[in-house]
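Student: need coordinates for the following:
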Amino acid sequence: MFEATFRYNSNKDKQTIEGSEEYVDSLIVPGRMVIANQKALPQRLRSFNETAGVEYYLQPSVTDFRVGTDFREDGEIRPWHWQYVDTIGPALEEPLAKHDHVDASELPAETVDPIIKADIEYQETIVPKRIEDNAGRYETVNGDDYQPKAVIPWFHKIRSRSDLDTYASMLDTAIDTAQLRIKPVIFTTKGFIRRESHRGALATLVDRDSFQDCFLWVEDLDKHGTNQSDYDHVTDLVQRLTAVDTPPHFYYGDHFATLLGHLGATGTTYGAMYGEDAVEKTEQRGGGGMMPRYYVSEVKDFLQISATVDIQQRVGADMCECDVCQRQFDDWFAVGERYDGDDDDDNIQTPLQKHHLRVRWRQIRESEDEELDESLERIDEAYSRYAAAFLDSNQVSNTKALDYLPMWKAAIESASEQSE
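Tutor: Next up, the predicted model:
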């Protein structure tokens with residue numbers, strides 16, 4: 001089954017998930033978030049599992065320290081990160097005291113290996129132990145019932161051949177250490193996979209009996225900034241990984257990742273209102289609210305509220321049929337009326353996030369159940385119906401053209417034909 005994974009990045013995501021558990025298969029939670037919420041969050045993960053069978057992965061937070069300033073303030077590790085560092089122990093604390101960053105390619109194996117081992121132990125035990133510790137006096141709980149679906153070992157960004165060697169050594173250590181199944185992340189760039197030999201090398205990297213599948217993160221695979229050849233390369237990489245029996249689950253993914261399920265991809269990951277693509281953090285981010293956006297099912301993208309209302313009116317679209325929209329909004333104008341300009345207003349944020357989960361789940365299941373030709377026909381129909389409206393609307397940014405739809409179709413059609 002194609003896996004729908006939700007990126008559970010903050011405590012506010014609880015509001016999105018509760019009542020929507022049936023629309024996700026699994027969660028990815030930052031490892032440092034568990035120790036910062038060591039009573040409530042493990043219990044929440046337990047509840048999600050018992051309510052709807054939702055499993056979880058822990059994102060290895062050691063990757064936060066590879067580049068940039070996001071984890072430091074006035075030179076010191078920020079409290080949000082320090083709790084994780086302190087829990088991992090000297091293996092991570094000492095390198096961070098000596099170096100600005102922790103980059104596996106710049107450190108000796110005697111420094112890298114203990115970090116890998118400590119983080120794997122953390123992932124395998126932190127939630128089960130906390131669930132057992134927090135159990136009621138007369139409650140018998142087996143923490144092993146709440147282990148992560150798989151361990152995601154510390155991963156390394158692959159931009160050069162030397163990075164392949166660095167990561168291969170890291171994976172050797174992870175395999176020797178982990179008690180649970182390992183699901184490695186291939187984190188690479190659009191530039192690196194432009195060479196066919198590089199795509200082959202990535203497949204060789206994970207062609208190991210220890211791996212059943214992998215996560216794939218192609219940095220900045222933004223639908224409004226990715227060209228046809230890049231989509232072709234990603235499609236080819238998916239097929240190569242599938243051919244070595246390590247099919248990819250997108251670590252960040254939009255509907256293109258879902259379509260690639262027809263060529264072997266096993267899942268995709270997204271956030272409540274963002275999180276379909278990502279770049280590695282390099283600096284501290286400013287505060288402020290997250291602007292509400294509506295996920296327009298037909299075009300497989302988020303639009304601002306005003307743009308959603310305008311576009312859907314132009315094409316005469318019926319109101320979304322998901323249960324959230326049917327309860328909350330009488331028509332498209334009602335969506336606009338609900339938004340009062342306050343980006344932090346849960347009155348509009350939470351319903352839109354719940355809508356997104358339902359629509360993405362439906363799209364994933366539809367694509368999974370239909371033939372490739374049917375999925376691509378939906379893309380054709382959406383482009384034909386919406387392209388002119390996007391061009392004519394003064395509510396839609398010029399960067400929001402629908403060029404990605406025919407590019408998705410072309411990449412997948414070409415790859416499918418070549419594999420026949």
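
Student: now for Arg385: which residues touch it?
Tutor: Applying C-beta atoms under 8 Å, 6 or more residues apart in numbering, we find Arg385 in contact with 298, 315. (Glycine included, C-beta is placed from N, CA and C.)

Student: tell me which element it falls in.
Tutor: helix 372-392 (DSSP states H and E).

Student: what does Ala4 give?
Tutor: Going by DSSP H and E, Ala4 is in strand 3-7.

Student: shouldn't Gly271 be in contact with Thr5?
Tutor: No: counting by C-beta atoms under 8 Å, Gly271 stays clear of Thr5, with 10.3 Å between them.

Student: hmm, back to that, can you tell me the average pLDDT over the helix holding Arg385?
Tutor: Regarding helix 372-392, the rounded mean pLDDT is 96.

Student: just the buried positions in the next helix or strand after it, please.
Tutor: Using DSSP H and E, the helix or strand that follows helix 372-392 in sequence is helix 404-419. Across helix 404-419, burial judged by 16 or more other C-beta atoms under 10 Å covers 404-405, 407-409, 411-412, 415-416.

Student: next one: stretch 177-185
Tutor: 177-178, 182-185.

Student: again with stretch 120-136
Tutor: Those would be 120-124, 126-128, 130-132, for stretch 120-136 by 16+ other C-beta under 10 Å.

Student: average pLDDT for that stretch?
Tutor: Computed over stretch 120-136, the average pLDDT equals 94.

Student: mind checking the end-to-end distance for stretch 389-408?
Tutor: Chord length of stretch 389-408, first to last residue, is 20 Å (C-alpha to C-alpha, to the nearest Å).

Student: can you list the residues that contact that stretch?
Tutor: 223-224, 226-228, 231, 255-256, 259, 299-301, 303-304, 306-307, 309-311, 314-315, 379, 382-383, 386-387.

Student: looking at those, which are in strands?
Tutor: 301, 303-304 (DSSP state E).

Student: who wins for most neighbours among the residues you listed?
Tutor: Counting neighbours by other C-beta atoms under 10 Å, the top entry in the ones in strands among the contacts of stretch 389-408 is Leu303, with 22 neighbours.

Student: what pLDDT is listed against it?
Tutor: At Leu303, the model reports a pLDDT of 94.

Student: that one reaches Met291, doesn't it?
Tutor: No: between Leu303 and Met291 there is no contact under C-beta under 8 Å: 10.9 Å.

Student: mind checking the SS state of Glu93?
Tutor: On the three-state scheme (DSSP: H, G, I helix; E, B strand; the rest coil), Glu93 is labelled helix.
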